[in-house]
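K.L.:
build me a structure from this.
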Amino acid sequence: MVDELPHVLWAHRTMPKTSNRETPFSLTYGTEAMIPAEIGEPTRRTLQGEKGYEEDLRLNLNLVEERREEAARREVEYKKKEIEKYYNARVREVKFKKGDLVLRENGATRKEDQGKLGPKWEGPYQVTWAGDKGAYKLADLAGKEIPWTWNSMQLRKYYA
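P.N.:
Purely as a prediction, here's the structure:
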């Protein structure tokens, strides 16, 4: 099992990563690795000779910083997209209509900290206006308008 470790590491270092589309080897050394089978076969890299290969290597080393910056940018973009996908898969969209009874999150209006056992929701309130983008205006059951607008993430359906 330990004998296989160098082969596994080699495979890991020479495989392009999904997040940045680069291999760890190329980001470290500025050029792609030559696999053992490529050394014996005639390829552009093996046929151009020592002098031409050194010139290509120097050019790649000059551009390695740009490649690293571009890979970092692609990785940030990829991670942002994956986080957004993860979040959106778990968000449940709730639509309330005018007249629905709801509870609102207690955090915005809590005057004093009631500890972790204090109530998390308060209400019920009645929806008096429902915007098309998830914004709502509320009133208490006596009809007194509650200041501010609320979004659906701060509201829960009230079941009497």
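
K.L.:
how does the chain divide into domains?
P.N.:
2-90, 101-157 (automatic domain parsing).

K.L.:
dump these to JSON lines, plus mean pLDDT and mean neighbour count.
P.N.:
Quick note: C-beta positions are derived from backbone N, CA and C, even for glycine. Conversion of those to JSON lines gives the following (pLDDT from 0 to 100; neighbours: other CB atoms under 10 Å):
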{"stretch": "domain 2-90", "mean pLDDT": "83", "mean neighbour count": "12"}
{"stretch": "domain 101-157", "mean pLDDT": "82", "mean neighbour count": "13"}
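
K.L.:
apart from its chain neighbours, what residue comes closest to Val94?
P.N.:
Nearest non-adjacent residue to Val94, counting by CB to CB, 6 or more residues apart in numbering: Ser152, 4.7 Å away.

K.L.:
and the one you found, what does it touch?
P.N.:
By CB atoms under 8 Å, 6 or more residues apart in numbering, Ser152 lies in contact with 93-96, 134, 136.

K.L.:
next helix or strand past whichever strand in the chain runs longest?
P.N.:
Taking DSSP state E as the criterion, the chain has its longest strand at strand 121-130. Heading C-terminal from strand 121-130, the first helix or strand you meet, by DSSP states H and E, is strand 135-139.
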